[in-house]
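> Just a sequence and a predicted model for now, questions to come.
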Amino acid sequence: MKKIIILSIALAASLTATSQNEENNSMADWSPEIYQVGKKYPGYIIKLDGDTIQGFIEADSRCSGAGIGSSNQNRVEFYLKETDRKPTEKYKPDDIKGYKIADKVYESINYSGGMFKKANFNLVVEDGAIRLYEWYSTVENYSMLSRQSGETWQAFDARRYIINLVVAKEPTDPIEFSMLGLSFKKKMPPLIEDNAEMAQKVADKEKGYTFLNAFEVIKEYNAWAAAQ
């Protein structure tokens with residue numbers, strides 16, 4: 001009976017996380033008007049010492065097909081000038097803290113979509129003291145899918161990509177959003193412990209401070225942290 005209850009809780013947490021990101025839609029805009037693979041966009045890279053270098057970055061795929069090849073998540077081709085034919089430098093997640101291309105900001109955190117923690121570039125979709133990231137992978141039949149007549153790019157992408165939502169206060173210690181649901185009252189308070197009042201509300205499972213309100217809790221904490 002205990003095993004059934006635990007599995008039921010895990011399933012409920014997973015379903016809640018899915019509903020938060022309804023229909024597997026990205027929080028970012030990947031429409032061709034905003035982002036095109038192969039095109040150079042203004043951006044910058046953030047060096048390990050925190051210095052920022054402005055320039056241009058060539059757009060790559062949001063993730064590697066079947067995990068093979070280069071993508072925004074594992075490599076950056078940086079150009080000082082848009083007209084340069086060869087990149088000034090190529091960076092991997094261990095080389096820099098992050099980068100920006102067009103309207104999208106990536107940061108290097110220890111998350112690669114699996115059990116092992118390995119540095120990769122994850123897309124920032126919620127900025128603040130606690131950040132939300134999106135990690136992408138392709139569905140099994142990715143290369144065989146085509147956009148249907150009248151289908152929006154968002155709907156097409158939802159069929160092609162799997163999105164993992166990731167939470168992190170420190171880049172070395174990310175956690176999948178869905179995992180917070182397994183014990184929100186225990187896992188969330190350490191992330192917001194410097195706001196003792198909020199942390200206690202989560203620990204006590206007060207109304208508005210449960211996993212169902214996780215996004216709102218993160219936004220409230222980030223607003224508080226920014227005001228300090």
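On my side now, so go ahead.
> Show me the strands in this protein, by range?
40-47, 52-58, 76-79, 89-91, 96-101, 104-110, 119-126, 131-138, 161-168, 175-176 (DSSP state E).
> and the first one, what does it pack onto?
If I follow you right, that is strand 40-47. Under the contact definition 3 or more C-beta pairs under 8 Å, 6 or more residues apart in numbering; DSSP states H and E, strand 40-47 sits against strand 52-58, strand 76-79, strand 96-101. C-betas here are computed from N, CA, C, even on glycine.
> would CSV of the strands of the chain with mean neighbour count and distance to residue 24 be doable?
Compiled in CSV, the strands of the chain are given as follows (neighbours: other C-beta atoms under 10 Å; distance: least, C-beta to C-beta, whole Å):
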stretch, mean neighbour count, distance to residue 24
strand 40-47, 18, 25
strand 52-58, 17, 26
strand 76-79, 20, 26
strand 89-91, 15, 29
strand 96-101, 21, 23
strand 104-110, 22, 18
strand 119-126, 22, 14
strand 131-138, 22, 11
strand 161-168, 20, 6
strand 175-176, 16, 15
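> quick one, which of the ones you listed is nearest to residue 31?
strand 104-110 (12.5 Å; C-beta to C-beta).
> ok, back up a step: reformat the strands of the chain into CSV and put distance to residue 212 and mean pLDDT next to each item.
Converted to CSV, the strands of the chain look like this (distance: least, C-beta to C-beta, whole Å; pLDDT from 0 to 100):
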stretch, distance to residue 212, mean pLDDT
strand 40-47, 35, 98
strand 52-58, 38, 98
strand 76-79, 37, 98
strand 89-91, 39, 97
strand 96-101, 31, 98
strand 104-110, 25, 98
strand 119-126, 17, 97
strand 131-138, 16, 96
strand 161-168, 15, 96
strand 175-176, 17, 94
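> Redo those strands as CSV? Include distance to residue 221.
Output for those, formatted as CSV (distance: least, C-beta to C-beta, whole Å):
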stretch, distance to residue 221
strand 40-47, 24
strand 52-58, 26
strand 76-79, 30
strand 89-91, 31
strand 96-101, 22
strand 104-110, 18
strand 119-126, 11
strand 131-138, 11
strand 161-168, 11
strand 175-176, 15
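> returning to what we had before: residue 184: which of the helices and strands packed on strand 40-47 is closest?
strand 96-101 (27.8 Å).
> name the helices or strands packed onto the closest one?
Using 3+ C-beta pairs under 8 Å, 6+ apart, strand 96-101 is in contact with strand 40-47, strand 52-58, strand 76-79, strand 104-110.
> What pairs with the shortest one, parallel or antiparallel?
This means strand 76-79. Sheet pairing of strand 76-79 (DSSP bridges) gives strand 52-58 (antiparallel), strand 89-91 (antiparallel).
> domain ranges for this protein?
For the chain, the structural domains run 2-181, 183-228, going by automatic domain parsing.
> ok, the residue lying closest to residue 189 once chain neighbours are set aside - contacts?
Leaving aside its chain neighbours, residue 189 sits nearest to residue 199 (4.1 Å; criterion: C-beta to C-beta, 6 or more residues apart in numbering). Contacts of residue 199 were listed using C-beta atoms under 8 Å, 6 or more residues apart in numbering, and they are 188, 189, 192, 193.
> can you tell me how far the second one sits from residue 155?
Shown here: residue 189 relative to residue 155, a distance of 38 Å by C-beta to C-beta, to the nearest Å.
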